[in-house]
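# A structural model of the following input is requested.
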Amino acid sequence: MGNQRIRPIRVLIAKPGLDGHDRGAKVVARGLRDAGMEVIYTGLRQTPDQIVTVAIEEDVDTVGISILSGAHMTLVPEILRLLKERGGENILVYVGGIIPDSDAEILKKMGVIEVFGPGTSLDVIRDAIIKHLKRS
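Coordinates of the predicted model:
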């Protein structure tokens, strides 16, 4: 028996803030679904509060934040804070988008498991999610 998962990995893909570009988020959502994960996509222009509420209500394992607006250093820390405040500290958070390396390092120190840049393969994203969930 051991560490076998009984249910598929549940992933929330979220687009916080005013960023209206969701093609990448939809591609990732579809790719993770094709890999056997249960994927919930929030749609555009979600607040950190809305994202965290859905993550907890849907009992997700991980939240993928897609952000291209440049507001990652405001929105992502707020999502992390709200998750911790509301009992979702066990939910792993990763970020995808155009994030400078220096900001990516800061986000990782805050608790983001991984930061993926544009063009990251779906296999890399899928494997990172699986690897980090096995560790936690």
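# Just the element for the residue nearest in space to the middle of the chain, please.
By CA atoms, centre = their mean, the chain has its centre lying nearest to residue 64, at 1.4 Å. Here residue 64, judged by DSSP states H and E, is contained in strand 62-67.
# That strand pairs with which strands, parallel or anti?
strand 10-14 (parallel), strand 92-97 (parallel) (DSSP bridges).
# that older thread, just to check, the residue nearest to the centre of the chain is in contact with residue 12?
Yes. Using CB atoms under 8 Å, residue 64 is in contact with residue 12, at 7.0 Å. Any C-beta I mention is one placed from the backbone N, CA and C, and that applies to glycine too.
# nearest residue to residue 104 other than its sequence neighbours?
Leaving aside its sequence neighbours, residue 104 sits nearest to residue 115 (CB to CB, 6 or more residues apart in numbering; 3.9 Å).
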